[in-house]
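*Asks:* below is the sequence, then the predicted model.
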Amino acid sequence: MRKRRGKFSRAAARGLRRLLMGLTLCAAGPFAVTTGQAAAAGLPYVPASDSVVLTEVPAGATHRSTPSLALTATRLDVALPLAEFDISRARATGDLRFLGYAEAALAPWRDRPDARPEVLVLDATILQSRHAFDASLLELDRALGLRPDDAQGWLTRAVVLRVLGRYQEAASSCERLRASADPAITSLCVQSLRSLTGHLGDAYLAIKSLSTEQLPAEARAWRYSELGEMSERLGDSDSGGHWFREGLAVAPGDLYLRTAYADWLLQQGRANETVGLLADYQSMEPMLLRLTIAHRMLRDGAGTGAEAQLATAFQLELARGDAVHRREQARFLLDVEHDPGAALSAAVENWRVQREPDDISILLRAAQASHRPDAAAPALEFLKRTGLEDVRLAAYRGAN
Amino acid sequence: MSRSLRWRMGRVAAGAWTLIAGLLATFALSGGAFAHISSNGFLTVRVDGQHLAGSLEMAVRDAELAVGLDANHDGKVTWGELRAAEPQLARYLSEHVMLSTQGRRCDIAFMPLEVNDRVDGHYAWLPFEGSCAQPIHALEIRYSVLVGLDPSHRGLLTLSAGSAAQTAVLGGATAQASFTVFAPDRWRAFRDYFKAGVWHILSGIDHLLFLLSLLLPAVLLRKSGRWEPVHAARPALIGILKVVTAFTLAHSITLSLAALDVIRLPSRLTESVIAASIIVAALNNIFPVITESRARIAFGFGLLHGFGFASVLSDMGLPPGARLISLLSFNLGIEAGQLSVVLVVMPIVYAVRSGLFYRRTVMPWGSAAIAALAFVWLVQRAVFPSG
């Protein structure tokens, strides 16, 4: 309690300073000059001593690594693995700068008229990670035109189309995997789409009986996350939690599974465990969001710094024109800031970009909270058209 | 977060790995509490005639990538290391951020380096001053920071001149851009925000019902437990004036405080208390407790209504360079809307004040209906704040 008061009075003092500044400027005649910068920071300062550490530099992001970047312009056999490394770092740590490094490594090869398909597929992966889905599809189509049996290309294409809610096209992409990919991967791809188009129960059993022992951890993690999500859509929460836990045991570094399990825990009201699950992942906005919601549920007052941090990070993304975390932003506005109107705007914007079940859910929730059933219409129409089954969304279908 | 699937790494020639492996696998990866967002730089420029002043900010991590700060290669950059590399950093930035007008480059001099903390880590903050060959009407900016190293880097520009400010995103496809240095259209801001204020009060029925609940008895007098009509217009007018002024004063104070970010209250709280205020005001008409100083109720709860107005304003945002005028005109719009309702309703109420219908029906049952409606709002807002 004491700590919170301290925080409040500091904030009040800061605000008062700002007000006084505003009044002074006002009295001086012209209207207040403000930078209007979305993410105004505190005041610059001189650190206390030379030994103060300002940043830790991750491997691959040092100035010393730039000679290898220079090599990428002339050697494709350096550019490709470097880009792969950077993408894998971005995915393992959530550090978006690594996507930029990967892009830099690929740029000289991507822009050539005779660009190689593997370069284009990697570039499409970067674009997908930035939620630039249309650009990603263009790049994939280019790649698959050059190499029609590129399994990774078809798989990425299926994933992107699925995020866009274009399930028929995604399913066709999955079919193209049969020729060149592992049968288990093909089956995961095909069945996960069937689960979204009216065959949830069948698809669940098919994936459950699938043996992925021979596959790398990533594909196994994929299977577990599908099983967990399908269980939840079927209304079998206990199984959902079981699959997410199994998946995390196999692939503890899989951020998708961790996020899904965090949501599952929040759904179950087990906010304490959410805090433990995400404690080491605070630098990632999706994780920080769930952590903040957990602290809210616990009413322990520990999430206030994180709330300001999230708000600033979302503002910066908007200022840049990025769409990466728009769904999270909508959820933040709805569940943390309790601002349904703003949440609905963000959810509508998000709906323009992506259409996963979670995107449907946030749009329906925000529309209901702001008493705007008309805004939910596109999502309801989507549910009807695709036949997507999800017991959690059934209530909204009835309500509207 | 959507799943991205890569189930195998590309095949790598052994020779290529030895070229890059040594450069990559040097340090353990670290997490930390800073947000992982894409790389941003911050450029703030204030223009005054032909003079420039401002600051350039580059994340310490980006500066390491660009010029190399980690002299002892321990994977950490200290303030000492950053300071030692200040000349290289200043040179890099002056090569990659160029300000000019009419095609002629402005001379920029950097002042001593400091550190600024932002959401994704510590930044090297370099203030600068400069001058151009002639007064600046259009400022051209070339921004090529981290080009070739991180193409997703963007420079977030805030450019101000006098009271006008504008923002822009530099980098990527916009390596070069020209900005007209102009004053904001204050008249337009005034008009837009005035309209928004009028519209909000006219559509925000909860504020009006609160005010009306306080005004309904303004044409009556409480005498020995009964409502009696006032005999002259003057006391009625004074009563109305007091209530409206108190309400206006109170909500203006809190609207300003909230709009200028001095105080923020959770919307669930303010919206609930606004609903409660209507109940109190309406019930006070049926079971009068406060009969003489309704202006106090208007003032006390008016403070909360101000926060309600502010939430609308925060959705709209205050335009940089015209913040105060927008705030003022929004507030004036609210007053104008409120006043027009008072001017329409109160003469009617005054005209019918003597009839029993007004005193026995409109006052108690109207107030009861208002209280009931407000009670529904209260439950909605307090118990189901977001659905």
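*Replies:* Thanks, I have it. Numbers count the residues shown, from 1 in each chain, chains lettered A, B, ... in the order given.

*Asks:* ok, stretch B:86-101 near chain A or not?
*Replies:* No: residues of stretch B:86-101 are not located near chain A by CB under 8 Å from any CB of the partner chain, the shortest gap being 10.0 Å. Where C-beta positions appear, they are placed from N, C-alpha and C, glycine not excepted.

*Asks:* skipping adjacent residues, who's closest to residue 354 in space?
*Replies:* I'll assume chain A. Nearest residue to A:Gln354, sequence neighbours excluded (CB to CB, 6 or more residues apart in numbering or on different chains): A:Val163, at 5.1 Å.

*Asks:* meant chain B actually
*Replies:* Per CB to CB, 6+ apart, closest to B:Ser354 is B:Pro229, 4.4 Å.

*Asks:* my guess is that neighbour contacts B:Ala351, does it?
*Replies:* No: between B:Pro229 and B:Ala351 there is no contact under CB atoms under 8 Å: 10.7 Å.

*Asks:* between these two, which one's more packed in?
*Replies:* Using other CB atoms under 10 Å in any protein chain shown, the more surrounded residue of B:Pro229 and B:Ala351 is B:Pro229, with 15 against 11.

*Asks:* show me the beta-bridge partners of that one.
*Replies:* B:Leu220 (DSSP bridges).

*Asks:* now do the contacts for it.
*Replies:* Taking CB atoms under 8 Å, 6 or more residues apart in numbering or on different chains as the contact definition, B:Pro229 lies against B:Val219, B:Leu220, B:Leu221, B:Arg353, B:Ser354, B:Arg359.

*Asks:* swap the cut-off to 10 Å and go again
*Replies:* B:Val219, B:Leu220, B:Leu221, B:Ala236, B:Tyr350, B:Val352, B:Arg353, B:Ser354, B:Gly355, B:Tyr358, B:Arg359 (CB atoms under 10 Å, 6 or more residues apart in numbering or on different chains).

*Asks:* dump the residues you listed to TSV, plus distance to A:Ala170 and secondary structure.
*Replies:* Shown next, in TSV, are the contacts of B:Pro229 (distance: CB to CB, whole Å; DSSP: H, G, I helix; E, B strand; the rest coil):
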residue	distance to A:Ala170	secondary structure
B:Val219	69	helix
B:Leu220	70	strand
B:Leu221	75	strand
B:Ala236	71	helix
B:Tyr350	69	helix
B:Val352	68	coil
B:Arg353	71	coil
B:Ser354	75	coil
B:Gly355	71	coil
B:Tyr358	68	helix
B:Arg359	70	helix
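
*Asks:* any quick ChimeraX command for the buried ones out of those?
*Replies:* To isolate the buried ones among those in ChimeraX, judged by 16 or more other CB atoms under 10 Å in any protein chain shown, type:
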select /B:219,220,221,236,350,353,358,359
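
*Asks:* give the next helix or strand downstream of the helix or strand containing B:Thr254.
*Replies:* Following DSSP states H and E, one finds B:Thr254 within helix B:233-259. Proceeding N to C from helix B:233-259, the next assigned helix or strand is helix B:267-286, under DSSP H and E.

*Asks:* following the single longest strand found in chain B, which helix or strand shows up next?
*Replies:* Of all the segments assigned as strand in chain B under DSSP state E, the longest by residue count is strand B:121-131. Downstream of strand B:121-131, the first helix or strand assigned by DSSP H and E is strand B:138-143.

*Asks:* quick one: average confidence on whatever helix or strand comes next after that next one?
*Replies:* Note on strand B:138-143: by DSSP H and E, the next helix or strand toward the C-terminus is strand B:154-161. Regarding strand B:154-161, the rounded mean pLDDT is 92.

*Asks:* with stretch A:231-247 instead?
*Replies:* 96.

*Asks:* same check, this time on stretch A:98-110
*Replies:* 94.

*Asks:* domains for the chain, by residue range?
*Replies:* Just going to use chain A. Following automatic domain parsing, one gets these domains for chain A: A:63-181, A:183-268.

*Asks:* meant chain B actually
*Replies:* Split by automatic domain parsing, chain B gives B:38-180, B:186-383.

*Asks:* which of these has the lowest mean pLDDT?
*Replies:* Taking the mean pLDDT of these, domain B:186-383 comes last: a mean of 84.

*Asks:* the stretch 151-300 of chain A: helices as residue ranges?
*Replies:* A:151-163, A:167-175, A:183-194, A:200-208, A:217-234, A:237-250, A:255-267, A:271-278, A:285-298 (DSSP state H, counting those that start in this stretch).

*Asks:* return the distance of the shortest one from the chain's centre.
*Replies:* Offset of helix A:271-278 from its chain centre (CA atoms, centre = their mean, to the nearest Å): 19 Å.

*Asks:* any idea which element B:Ile297 lies in?
*Replies:* Going by DSSP H and E, B:Ile297 is in helix B:294-316.

*Asks:* list residues touching both of B:Pro229 and B:Ala351?
*Replies:* With CB under 10 Å, 6+ apart as the test, B:Pro229 and B:Ala351 both reach B:Val219, B:Tyr358.

*Asks:* was I right to think B:Gly239 contacts B:Val230?
*Replies:* Yes: between B:Gly239 and B:Val230 there is a contact under CB atoms under 10 Å: 8.1 Å.

*Asks:* more neighbours: these two, which one.
*Replies:* B:Gly239 (21 against 18).

*Asks:* gap between the residue nearest to the more buried one when sequence neighbours are not counted and chain A?
*Replies:* In this structure, B:Gly239 finds its nearest non-sequential neighbour in B:Ala218, 3.9 Å apart by CB to CB, 6+ apart. To chain A, B:Ala218 is 33 Å away according to CB to the nearest CB, to the nearest Å.

*Asks:* who are the neighbours in contact with B:Ala218?
*Replies:* B:230, B:235-244, B:294, B:342, B:346, B:349-350, B:353.

*Asks:* recalculate using a threshold of 8 Å.
*Replies:* Contacts of B:Ala218 (CB under 8 Å, 6+ apart): B:Ala236, B:Gly239, B:Ile240, B:Val243, B:Arg294, B:Met346, B:Val349.

*Asks:* for B:Ser131, same thing?
*Replies:* B:Gln50, B:His51, B:Leu52, B:Cys106, B:Asp107.

*Asks:* in JSON lines, list the residues you listed along with distance to chain A.
*Replies:* Below are the contacts of B:Ser131 laid out as JSON lines (distance: CB to the nearest CB, whole Å):
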{"residue": "B:Gln50", "distance to chain A": "19"}
{"residue": "B:His51", "distance to chain A": "15"}
{"residue": "B:Leu52", "distance to chain A": "15"}
{"residue": "B:Cys106", "distance to chain A": "20"}
{"residue": "B:Asp107", "distance to chain A": "23"}
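
*Asks:* quick check on these: which are buried?
*Replies:* B:Leu52, B:Cys106.

*Asks:* include distance to A:Ala260 and secondary structure when you put the contacts of B:Ser131 into a markdown table, please.
*Replies:* A markdown table is the format used below for the contacts of B:Ser131 (distance: CB to CB, whole Å; three-state DSSP):
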| residue | distance to A:Ala260 | secondary structure |
| --- | --- | --- |
| B:Gln50 | 58 | coil |
| B:His51 | 55 | strand |
| B:Leu52 | 50 | strand |
| B:Cys106 | 52 | coil |
| B:Asp107 | 55 | strand |
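
*Asks:* let me know the closest of the contacts of B:Ser131 to A:His325.
*Replies:* B:Leu52 (34.7 Å; CB to CB).

*Asks:* A:Ser225 is in contact with A:Gly247, correct?
*Replies:* Yes: contact status for A:Gly247 versus A:Ser225: in contact at 5.9 Å, counting by CB under 8 Å.

*Asks:* list residues touching both of those two?
*Replies:* A:Asp254, A:Leu257.

*Asks:* list the buried residues for the strand or helix carrying B:Arg46?
*Replies:* Here B:Arg46, judged by DSSP H and E, is contained in strand B:40-48. Buried residues in strand B:40-48, counted by 16+ other CB under 10 Å: B:Asn40, B:Gly41, B:Phe42, B:Leu43, B:Thr44, B:Val45, B:Arg46, B:Val47.

*Asks:* so what does that strand touch, helix or strand wise?
*Replies:* strand B:51-59, strand B:138-143, strand B:154-161 (3 or more CB pairs under 8 Å, 6 or more residues apart in numbering or on different chains; DSSP states H and E).
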